[in-house]
Every structure is written in C-alpha cells, then in structure tokens.
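Peer 1: Please work out how this folds:
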Amino acid sequence: RKDATGQIVGVVGVGQDITEMKTAQAEQQRVADDLTLLIDTANAPIFGIDSDGLVNEWNRKAAEITGFSKAEVMGKDLVKTYITSEFQDSVGEVLRNALGGTQTDNYEFPLYTKDGERVEVLLNATTRKDATGQ
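Peer 2: Next up, the predicted model:
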C-alpha cells in the first residue's frame, strides 16, 4: 500500500477460509487410499488396462496366481504379452467392449503363468472411468 506521494506505508492482504476445502480433500484422499488397499489386498486377481490395452493395475492376487510381479507387467500390452495366442482375439474383444462401455460377465479363458502352468480364469470386464466420466 502506498500513500499519496508513492511511499510504501503498509501491506493489504486478502485471505480466504479454506478449512472445508482442506477437509474435503483429506476425505477424498482417505477414500482413494481405502479403495487402493481394497484392490491390492482382494482375494481375487484384479487388473486394469488403459485405453491402449496397457496394464495400469495389477494386484497382489494377480501376481500370486500368474507369477508376474506388478513391476513386470505395468505398461505392457496385456493381451499380446500375457494371453495365449488362441485367445488373444476373443479376450481382446472382451476388453475392447469394456473400454467402449459394454460389460462382459463370466468369460472363461486359460492363462499361462510365468512357469508355464495353465490357469483357468473367469473374467468380468467393466468400464473404468476417470473423475470426469471419460
């Protein structure tokens, strides 16, 4: 703040009470952390892919069943890398449908583990949306 001669005589500050906003942000983070923990510790294999089919979620049970760690699969093409060739087209279609908004329930296919063991998987694929609904 300046006087009539241009000399600085003080400071004007404007504040805003953001208590409610901070409380809401903390609650959102708590819910997100709870959901992350639920996914990671679920007693069922849970994986996620992005719109390009690249793995962006892989829980502990998925790692346990397949032998592939989360670090090994993240960012890899799920279908091309981890689904047997005879099921790549059909699993790819199920996942493309889910990305397009069409859910598939109880789709069975074999998955081969890191050690080459065949595991029968029952897949339920549904759309995953971001905060904007996209």
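
Peer 1: Show me the beta-bridge partners of the residue nearest the centre of the chain.
Peer 2: Centroid-nearest residue in the chain: residue 57, 5.0 Å away (criterion: Cα atoms, centre = their mean). Beta bridges link residue 57 to residue 48 when assigned by DSSP bridges.

Peer 1: how near is it to residue 35?
Peer 2: Residue 57 sits 11 Å away from residue 35, going by Cβ to Cβ, to the nearest Å. No exception for glycine: its C-beta is placed from N, CA and C like everyone else's.

Peer 1: same question, residue 93
Peer 2: To residue 35, residue 93 is 28 Å away according to Cβ to Cβ.

Peer 1: from the chain's centre, how far out does stretch 16-26 sit?
Peer 2: How far stretch 16-26 lies from its chain's middle: 26 Å, per Cα atoms, centre = their mean, to the nearest Å.

Peer 1: quick one: average confidence on it?
Peer 2: Taken as a whole, stretch 16-26 has a mean pLDDT of 94.
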